[in-house]
Each structure stands twice: as structure tokens, then as C-alpha cells.
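Q: Turn this into a model:
(2 chains)
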Amino acid sequence: MTGWPILSLIVFTPLIGVLALLFIPGDNHRAIKGVALVAALASFVFSLRLLGYDTSGAEFQFREDYDWIPAFGMGYRMGVDGLSVVLVLLTTVLSIVAIVYSFDPIKTRVKEYYATMLLLMVGMLGVFVSLDLFLFYVFWEISLIPMYLVIGIWGGPRRIYATVKFVIYTLVGSLLMLVAILAVVIAHGNDSGTFTFAYEALRGYPFADGLQALAFIAFFLAFAIKVPMWPLHTWLPDAHVEAPTAGSIILAGVLLKLGGYGFLRFSLPLLPDAAVQFAPIVIGLAIVAILYGALVSMVQPDLKKLIAYSSVSHMGFVMLGAFVFNEQGLSGAVFQMISHGITTGALFLLVGVIYERSHDRMIAHMGGLNARLPRYAALFGLFTFASIGLPGLSGFVGEFLVVLGAFQYNGWVAAATMLVVIFSAVYMLWMFQRVFFTVPSGWMRRFWPTLTDMSRTEWLSIAPLIVLVVALGVYPAPVLDLISAPMQRIIEAVSGSGGLSSLGLPW
Amino acid sequence: MNDQLNDLFTLLPELLLAITVLAVITVDLFLPASRKWTLTPLAIFGMLLAGIGCWLVWGVNDTVFAGFYVVDDLSVFFKAATLVIGVLAALFVPSYLIQRRLPLGEFNAILLFSMLGMFVLASSSDLVTLFLGLELMVMPSYLLAGFHKTDRFSNEGGLKYFLLGSFASAILLFGIAWTYGLTGTTHLSGIGTGLLDRGAAGLVTIGLLTVGSTFKVAAVPFHYWTPDAYQGAPTPITGFLSVGPKLGAFALLVRLFVDGLGGLRADWLAVMAILAVLTMTGGNIVALVQVNVKRMLAYSSIAHTGYIMAGLAAFAAAASPDVQRQGIEAVLFYTLGYGVMNIAAFAVVGMLQRDPDRFGGLSSFAGLAGRSPGLAAAMAILLLSLTGIPPTVGFFAKLYILLATVDAGLAWLAVLIALNAALAAFYYLRVVVYMYMREPEDEPATVDRHPFSSLALVLSVAGVLLLGLFPEPVLSLVRTSVGSLF
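A: Now for the predicted structure:
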């Protein structure tokens, strides 16, 4: 299979699924679900081929390189390193989870729904494999619109407000990023004489300090909004609360990772000087995000909002790990992204399960569910503990590595973040207790006779996540091996510009 | 004699178009009412012939008729773009007119006359030809705006368009007079050097020319005629008015400011950049609060004018000829891409406007995705393109403008364009919200389906996507045509 354009196959197989959907009558739900699942599965099978990635080198592999708009040096350039590989696999797995889970809850505009989900896959996968800034931007924007539709069409009562907020926030960031991309490309083109959007040509190029700083700010806005970083996170709770369950799974599981990936792939290697310069500020914001997310989570009455704010906290860890510029921190950041994708995806799915039965997500409206739904409670418990970071589950590895990295950078930073591990135990366990152990609320009693435990489809959809959360917690080495060389490369890029060691914190 | 024949050959597209007008008028006289629709294929056939004419004179690059008329690749590109817009207009408009028993023959003839004006405008190398072309273009436009003669809004729009348009023409003419007075020539190639170092008088002249011509592209603060003229006109015709005369006006701007006053660009750079910012921001902010889609599109077309003007500012700010060219190239690509997407968007509004009382309100789009999925999808693609989301022509056009401005050192302008584009997303996507996320109203407006309109819609949506994904062929045309200026 070596000669196959494997990356194009991964990215565009879902698109073929969309085209196939066009020819299926809208009321044939079985066929529609079948086609969507087959397309996503095919993309997943192709993505398994990436496990053949040679971890010894940091160079991009499975390359595809064609001219697209040569007049401007834009190319159809694709390739993956370990970082892309793990994120591509996360995306294909979570897409299948989201599609399978949607089989029962989505009953309106079924055909459009699955077409949108597949289109979303195209955009997300494309972002992770693009090695051309133009191509990257195109996929980046393509991933925006389907999510806009998913929230806006299949979402909750305030869906329109939420989805418009989501789009406008993201667009402001990404359009400014486009200007920054152009500025970088033009600066490189004017100095070197070759005008190109190729990532590898631009990486390592010594851009002037002023340009780096401005471009960094623009990139930062785009990625930080996506992550989302405090104080740019306000779209996230709205979007999550209104999104349908599968939308939340993808949003938390993959879309937020686009931001983290953007920092690791573009901000740090392209603009190392500015990254070093801004690192203290970013680290400060990350710590605020970690603490703020955790504190706000404690007081949320709505299950989904609670998990959404906990995402702000967890993604703060990613940012912290990325900007301490050492191997533990960076590996921890990537691992935390993967783990957050799995656990939060699963938690949103589980919230969806109870929402389907009681049509409500208020914690106060639950209680005592352990008696009625023991299997569900056990699963929820598993992922609650994964989210807290219990050793043996995937959440632990990422947080541990990030704190380790932070400790090398500054002991106080590490201490502050450790505090959050306690907070997260508080809000997650308290939530778990109120939902599963206390006396059932009056609201829940009305549904008591009809409450059923997890259905077969629900089991099927969450199964891959159960396997992954345990497997990666016990044996994280495969992921860490995959990302070690690329992370090393980022550290080299950054330390080439002085590194962080020369910088103390201002406080 | 041979020379004159040669000169006439370079006029092939114009001649073919003129013959088509005459043919349409003549045939119209003998056609029974039930067969009037055949005039549309006839007009389009003529436009396609003119297109072949364009292809034949591509690369000729000659100045003819004693320097009054230039047939360079730039002019040919503008003519070809005019033909693209003309074909779409000829296809989009008939269903609306037939519906309301408005005369199809006159429409086709007026449309062709207006296009002929754009041809002349694009090819003018002399202020006199320039003005001639301009008037030939806008006079028919006034008629088109007031085409629905029993409708008082259409009358109002036509009249306002006529009065303010004439006012602008007068200012421009005054500027031309000053130019002649100062320089003793009306040749575009001579006025630049002639106006150098003329002090206050030179600035007044440039000011008059700027005001007159930016009036024509509807730049803020000279835009007040646009919304009323656009809203009053029959909707598909508004589509043409918002792109056709605009294309012509940008041909005028390029001819006047690049060909003629290119040497004085330091003098008009600041004005052009500020006007660009005012225009895009003003257009967007007012569009934001519109609840009528037609009026929203009218204001948003003002915003697009601002983006295009930024291309001219980039030309003026750039130091090296390579970078200067990019500004003009961006202008050309944007006007073409904008033309295709905007005329189609207006046409969709027109298709939903069966009921004369309901004026393209947002509610007529409610739940369209359920009633008419194809039309909703087409409109969604057009709106995304207008917003500037890849992979559409609107995105690539905006990218081109951004590229030119950043390269020319106007990064602040690029940032403002980016922010404006995000602002525009808000009102464009609102229509998508209505189409896909709201329930239809009780008695939804029926969708007007005419084979001509459907064909044109398919063509323009395909164009929007293809030009967005594979812009290379058009890019090379754009580059060659701008090359004839430098």
C-alpha cells in the first residue's frame, strides 16, 4: 500500500460518503446511517495505516506533494508526523463514536445530519495533515461551517445564539490568522525570492522580531479562541449546552484540539522567538484558565456546562505544557489533548444518555440513579475518575507530565496547578454524588418507571473509548513514542532562539 | 484603408454586441407575445459571439482611432467579465419580468446597451471616450432601475439613481474640464505628467475626479443613492445593477487612476485607503441592522466595493512594480468573482419574491431548506462565498486583496479587511440561520422556478466553487491582462 495517497484517502473518504448520501432518499434512514458509518469506518481503517509511521525520525511521512495554485506557491502538500498521527486517529475514532451514538437520538433531517458530520470530518482531518499554510487554512475554515450547522439545526432552545457566537468568535480569530499567514509568507518570499506557502520552507526561517510578535498575536488569537483559553472561552459553554450530544463529543473531542495543534504545529516552530517572548504571558493565562475553569465548574447546575468548564481547565493544562518548552511538558500537552478528547467525549456521551431519558440535564433534577441504572453509573464513574486524573487511567498521564514539565520551569507554577487536581476532584465527585447517590429528585421520579440502562447502540458507541481510556492509562508508551521526536524538534526550534531558561517569571 | 480595417477588427466584440442589440430590437417587433422568451437565447447567442470576438482580440494590445481607444488585454478582460455577468443577467431576469408582464425585448436591448457602454469604458484611453462609455453604461442602468414602471418604489429608485448619477457625472465632467484646462490634453497617458506639481489646482482636479468616480462605485460617503436604487429595482435587475455598472466603474477607476494618474499615486493613496476603510466598514455596519435581505445585499455590496478599493490602495502604496501589479490583479479577480456571486444571490431573493407585497424580508427565507433544499443549498454556498469562506471564489478573492495589501505594506488595512469580513459573516449567516434553522412561516412564498433562472443558478454556483478551488486559469488571465498596463 506504500504507493497509495493514504492521507488523501483518510481525508476524502468521508466526502465520498457525502456524495453517496446525496443519492439516497431522505426517508431511508437505515441506508443513510449505514453509508455514514461505512464512510467513517473506511476513513478509520485507512488511518490505521498511519500506525506504520516510523518513530525514529521527526520528518514528515506519507507525503503527498502537488502543485495547486503555483502562481502563489500554494500546494496540495500533506504529510504527518507523530503528532498528526495521534490526532488523526483520535478524530477518526471519535467521529465513529459520534456517528454511532447519533443513530437513535437524531430523528429530524437525518440525511443532512450525517452529511454534515462527514463534512466536519473532512475539515478536521485535513487540518491535521496539511503541510501547506494555505491548505491548512482552507481545511480550518471548512471545519467551521458544519459545526455551525450541527449546533444551529440540531441543537437546543438557544441554539441560534450559541452557534452564531461560536462562528463569529472563531472567524475573527481565523481571519486575523489569515493576515498573519500572508505576512509570514510574504516576508519569506521577499527575502528568499521564492513565494511559497509550504510549511517546511517557512519553518526555521528567521523572521524579523516585530513580524514574529505581530504574527504570533494573530495566530494566538485564532488558536486560543479555539482551545479555548481564558478569557476567550465564553463561546464554549453556550456552544456545548446547545449542541446535540454528538456535536459536543466532536466539539470537545476534536475541535478544541485544532487550537492546541495549531500552537504546536505553527506558533512554536514558525515563530520561536515570539513564542519564547510571550511564554510567560501564555503560561499566566493558562494557570488562570486551569483555576478558573475548575472553580466555575464547581457551581454549575447543568451537567453539560460543568463538563464544558472543566474542558477550559483541562485545556489550560495543554497550554501550560506547550509553553514550558521541555519534553515532559510538551508530551504531556499532547497526551492531555488525546486523553481529554477521550474522557470528555465519553462524558458528553453519557450526559446525552441520561438526557435522552429524562430530557433534562440539571444536576438538581437527578439523584439516586445508581439504584436504577447501575451499569450507567459504573461507566460514568470510570470516566469521572479519568477526568480527575486517577492513576491507571489516561487522564493521569497527561496531567502528571505537564506538572512535571511545569516544575522544571518554575516550582510555584507547578504548585498552583497541583491545587487544581484537588479542585477537580471536588467538582467531579460532588457532581457524581449528587447525580448517582442522593435521593432521587421529584423530577427524576416521574421517569423512574421507564428508566432503562444503557442500550446496545450506546454501549457500542462508547466501547472504543472505554478501551482507550484504560489502555492509554496503563500503557501510554505507544503515544509517547509517536510524539517524542516531533516534540524534540519543537524544543530544538525554541531553544535555538535562547530557550526559556534565561527567563524568570515576573512574579 | 488597411489601417482602418485593422482598427475595426479590434472593435470586433463591440461590433458584435451592437449588431446583437439591433437584432434583438428588430426581432422583438415581429414576435408574438408567447414567443418573446426566444429573445433571451438570441441575446445570449450574441454575447457568446462577442465572447469569441474577445478571444480573437486577446493579445492584440493596440491603441486605435488616433489614441482614443485602446484594445489591450486589460480591456479585453473587463469585456469578458462583462459578458459573463451579462449572460447571467439575461438568464436570471426573464422569469421575474414574465411574471409581472414586463417587456422582455426592451430589457434585453437595454441590458446590451449598458454592456456596450462598459466595453467602451474599459477600452477608453482618453477622458472623452471614458465619459462617453460611462454615460452609455449608466443611462440604460437608470432605465433598468425604473423598469417596473407601474411600481412606485421602482420609479423612486430609478429617479434617485438618475438624479444622483447625473450629479456624479457632472462632477466627473467638471474634473475632466479642469484636467483639460491644466494639461491641455485629454489623453490618459498625458494627464499624469501634466498634473504633476500643479499645486492646489492639481489637487482640486484630482479631488473632483476622485469624487466623481467613487460616486459611481458607490463608495461611502457617496453611496446614498445605492440602497434606494437597488431596493426599488426589480430584484434580479438589482443583481445586475450591483455588479455590472460596478464592474464598469472599477474599469473606470483602473483606467483613470492607474493608467492616467498612476504617476501621482502618492497624492491619492491616502484618500483611496481611507475611502476603502469607510466604505467597507460603513457598508457592513448598516447591512448589519437590515431585516430585508434585498436591502442587506445592497449595503453589503457597498462593503465589497470597499474591499476592492483596498486593492487600488495597495497598488498606490506598493514600491516595486511587481507588488503594484498585485493590487490591480486583486481588483480584477475580485470584481469578476463578486459579480458572479452577487448577481446570483440577488436572483435567489427575486425567486422568492412572487408576492409583490413581500419584499425579500428575512422571513421569506424561513425554513427554505425544508421546502426547497437545492435552492437553499445554492444560496448557502453563495452567502458563504460572499462571507469569504473557502473553498469559494469569495474566499480566494478576499485572499488576493489581503495578499496585495500586506505585500504593499498596508498591514493595518489588511487587518481592517479581516475584521470587516468577520462582521459581514454575522449578517450573511443570518440568512443561513433562517433557511436552515427556523420553521417556515404559515404561508411560505412559493419559489419561482424558471428553466433560465435554474440554469443560471447552477452555472453561477458551479463557477463560485470552481473558481474557488481552481483559480489558476483565471489567475493567469488576470496576470496577463494586468501585464498590459505595466
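Q: buried residues in the longest helix along chain A?
A: Identified as the longest helix of chain A according to DSSP state H is helix A:159-192. Neighbour-count burial for helix A:159-192, with 16 or more other CB atoms under 10 Å in any protein chain shown as criterion, is recorded at A:159-160, A:162-189. C-betas here are computed from N, CA, C, even on glycine.
Q: Likewise for stretch A:47-58?
A: Within stretch A:47-58, judged by 16+ other CB under 10 Å, the buried ones are A:S47, A:R49, A:L50, A:Y53, A:T55, A:A58.
Q: Same question for stretch B:252-263.
A: B:L252, B:L253, B:V254, B:R255, B:L256, B:F257, B:V258, B:D259, B:G260, B:L261, B:G262.
Q: need those in JSON lines with secondary structure, pLDDT and distance to A:L468, can you?
A: Listed next are the buried residues of stretch B:252-263 as JSON lines, based on DSSP: H, G, I helix; E, B strand; the rest coil; pLDDT from 0 to 100; distance: CB to CB, whole Å:
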{"residue": "B:L252", "secondary structure": "helix", "pLDDT": "91", "distance to A:L468": "63"}
{"residue": "B:L253", "secondary structure": "helix", "pLDDT": "90", "distance to A:L468": "59"}
{"residue": "B:V254", "secondary structure": "helix", "pLDDT": "91", "distance to A:L468": "59"}
{"residue": "B:R255", "secondary structure": "helix", "pLDDT": "89", "distance to A:L468": "64"}
{"residue": "B:L256", "secondary structure": "helix", "pLDDT": "88", "distance to A:L468": "65"}
{"residue": "B:F257", "secondary structure": "helix", "pLDDT": "88", "distance to A:L468": "62"}
{"residue": "B:V258", "secondary structure": "helix", "pLDDT": "88", "distance to A:L468": "60"}
{"residue": "B:D259", "secondary structure": "helix", "pLDDT": "85", "distance to A:L468": "65"}
{"residue": "B:G260", "secondary structure": "helix", "pLDDT": "85", "distance to A:L468": "68"}
{"residue": "B:L261", "secondary structure": "coil", "pLDDT": "85", "distance to A:L468": "66"}
{"residue": "B:G262", "secondary structure": "helix", "pLDDT": "81", "distance to A:L468": "63"}
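Q: rewinding a little: so which of the buried residues of helix A:159-192 are also by chain B?
A: Among the buried residues of helix A:159-192, the ones lying near chain B by CB under 8 Å from any CB of the partner chain are A:159-160, A:163-164, A:167-168, A:171-172, A:175-176, A:178-179, A:182-183, A:186.
Q: For those residues, which two are the farthest from each other?
A: Using CB to CB, the two most remote members of these are A:R159 and A:I186, lying 39.9 Å apart.
Q: who's in contact with the helix or strand of chain A with the lowest mean pLDDT?
A: Using mean pLDDT, DSSP states H and E, the weakest-scoring helix or strand in chain A turns out to be helix A:442-447, at a mean of 80. Outside of helix A:442-447, the residues within contact range by CB atoms under 8 Å, 6 or more residues apart in numbering or on different chains are A:R357, A:S358, A:D360, A:M362, A:H365, A:M366, A:G367, A:G368, A:L369.
Q: thinking again about what came up before, against which helices or strands is the longest helix of chain A packed?
A: Packing partners of helix A:159-192 (3 or more CB pairs under 8 Å, 6 or more residues apart in numbering or on different chains; DSSP states H and E): helix A:133-142, helix A:144-154, helix A:199-202, helix A:209-226, helix A:235-242, helix B:393-407, helix B:411-437.
Q: Please state the mean pLDDT value computed over the fifth one.
A: Regarding helix A:235-242, the rounded mean pLDDT is 88.
Q: which residue ranges form the helices in the stretch 401-507 of chain A?
A: For the stretch 401-507 of chain A, the helices defined by DSSP state H, counting those that start in this stretch cover A:411-436, A:442-447, A:456-474, A:477-495.
Q: Select from the ones you listed the stretch with the lowest mean pLDDT.
A: helix A:442-447 (a mean of 80).
Q: would you put the C-alpha positions of stretch A:95-109 in CSV?
A: Extracted in CSV, the C-alpha atoms of stretch A:95-109 (Å, rounded to 0.1, in the frame of the first residue of the first chain):
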residue,chain,number,x,y,z
SER,A,95,-16.2,10.5,14.6
ILE,A,96,-17.3,6.9,14.6
VAL,A,97,-18.3,7.2,18.2
ALA,A,98,-20.3,10.4,17.4
ILE,A,99,-22.0,8.8,14.3
VAL,A,100,-22.9,5.6,16.1
TYR,A,101,-24.2,7.4,19.1
SER,A,102,-26.4,9.6,16.9
PHE,A,103,-28.3,6.6,15.5
ASP,A,104,-31.1,6.9,18.0
PRO,A,105,-31.3,10.5,19.2
ILE,A,106,-31.2,12.2,15.8
LYS,A,107,-34.7,11.9,14.2
THR,A,108,-35.0,15.1,12.1
ARG,A,109,-33.3,15.8,8.9
